[in-house]
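K.L.:
heads up, no residue letters with this:
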């Protein structure tokens, strides 16, 4: 099966084998280290907006995650069903969570000397996960800013000038690739027009490919369509895939990912932050899958380096649904039916999996020209579901599902399904 069936818009320089592996991974764990954060002073966004930079920096200098355990974190990801991980190397404050040759605001200045990025990368590879590194292009410290630049606002000239800043980003990007050999580079802080535009994003993409051509990257610059909305450009300005925050999109023609946090909109660890409900997580993941995308879910470790138990347990609530419906999750593609509030679908080989978001007593679906539905079962129990056929379509007589959170019905076809276009649920 080709994972690219409905991905008609690709960057020609993208490593197709690694992109296929990424698209098949479906679920990733995002690790948001935030050395400057405290519940009372906020994170990088609070610098100059309620928290002076000097206060944030003093918190950073005391950061000492002495209980950091890379095996524990990767074990959690594996147990949760994640197939890739993305780890913060530098947020907008500019603090580098590695000893950087190009910054004096890095781990050389704090008591904690272990190389978090290397240890997590090694453990990810040991356990078979793709390894990604997050990097913020915006850098309050290096640019000499007193606060974080806002999208659409006036962007101040970096203290050493624009050309130096662009070279700085290139230098640190090379450093991260050379030191850690990530599979994925996940950029942020790219909304700095006119300091950083789509041209700079494309130039950075070409630079990445010149260093390690297989590396996949995303979010290198703001790229918009004719309607003014952010979208994917295949020339490198957007990277190799599109990533959006806290929302899903329905069946775009390009590879894509959604990201969120267990405590969205909070990404750093805050003990009293409200968590997403299991239903919200499961619903977002189902919509992402059925739109042929991936979901990257964030947990912010405690200042000690430990993973917060309550957030891990909430992630495992999603895992319960994944484990019941593994067959409808991994190695699948979104489709063939267009999503509705009531239903989405995934497929592989000669099977179609219907994600029932609002199950009722019956479900009428498209007849699927050229195919015959030979069998239907409740994926969670294996029990057969009655099929009624007439000239107008196929009706499934649905049971009272024991699984309350988006039950899945597995349809067996008479031959392997070949995707040609997104279909309406009913003709």
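P.N.:
That came through fine. None of these values were measured; they are calculated from a predicted model.

K.L.:
C-alpha only now, for contacts and for neighbours.
P.N.:
OK.

K.L.:
Could you measure from residue 202 over to residue 239?
P.N.:
Computed with CA to CA, to the nearest Å, the distance linking residue 202 and residue 239 is 8 Å.

K.L.:
ok, what's across the strand from residue 390?
P.N.:
residue 393 (DSSP bridges).

K.L.:
Could you report the neighbour count for it?
P.N.:
By other CA atoms under 10 Å, 8 other residues sit near residue 390.

K.L.:
what does the one 3 residues further on give?
P.N.:
For residue 393, the count of nearby residues is 15 (other CA under 10 Å).

K.L.:
Could you do the one 4 residues further on as well?
P.N.:
Residue neighbour count, defined by other CA under 10 Å, stands at 15 for residue 397.

K.L.:
Over to residue 394?
P.N.:
18.

K.L.:
contacting residues for it?
P.N.:
364, 365, 366, 367, 387, 388 (CA atoms under 8 Å, 6 or more residues apart in numbering).

K.L.:
what's around the closest residue to the last one other than its chain neighbours, how many residues?
P.N.:
Nearest-residue entry for residue 388: residue 395, 5.0 Å, with adjacent residues in sequence omitted and distances by CA to CA, 6 or more residues apart in numbering. Under the neighbour criterion other CA under 10 Å, residue 395 is assigned a count of 17.

K.L.:
how about the helices of the stretch 151-300 of the chain, start to end?
P.N.:
Counting by DSSP state H, counting those that start in this stretch, the stretch 151-300 of the chain has helices at residues 162-180, 198-211, 278-290.

K.L.:
what's the most buried one of those?
P.N.:
helix 278-290 (a mean of 22; mean count of other CA atoms under 10 Å).

K.L.:
ok, back up a step: state whether the residue nearest to residue 388 is indeed within a strand.
P.N.:
Yes - if the criterion is DSSP: H, G, I helix; E, B strand; the rest coil, then residue 395 is within a strand.

K.L.:
and it, what does it touch?
P.N.:
362, 363, 364, 365, 387, 388, 389.

K.L.:
Model confidence for it, exactly?
P.N.:
pLDDT, residue 395: 94.

K.L.:
now swap in the one 5 residues further on and tell me
P.N.:
Model confidence at residue 400, expressed as pLDDT, equals 87.

K.L.:
okay, now the residue lying closest to it once chain neighbours are set aside: neighbour count?
P.N.:
Excluding the flanking residues, the one nearest residue 400 by CA to CA, 6+ apart is residue 361, at 7.9 Å. Close neighbours of residue 361, defined as other CA under 10 Å, add up to 9.

K.L.:
try residue 33
P.N.:
24.

K.L.:
circling back: how about the helices of the stretch 151-300 of the chain in a markdown table, adding distance to residue 73 and mean pLDDT?
P.N.:
Listed next are the helices of the stretch 151-300 of the chain as a markdown table, based on distance: least, CA to CA, whole Å; pLDDT from 0 to 100:
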| stretch | distance to residue 73 | mean pLDDT |
| --- | --- | --- |
| helix 162-180 | 18 | 98 |
| helix 198-211 | 28 | 98 |
| helix 278-290 | 20 | 96 |
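
K.L.:
okay if I get the ones you listed as CSV plus distance to residue 323?
P.N.:
Below are those laid out as CSV (distance: least, CA to CA, whole Å):
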stretch, distance to residue 323
helix 162-180, 32
helix 198-211, 36
helix 278-290, 12
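
K.L.:
Take the contacts of residue 394 and keep only those in helices.
P.N.:
Assignment to helices by DSSP state H places none of those there.
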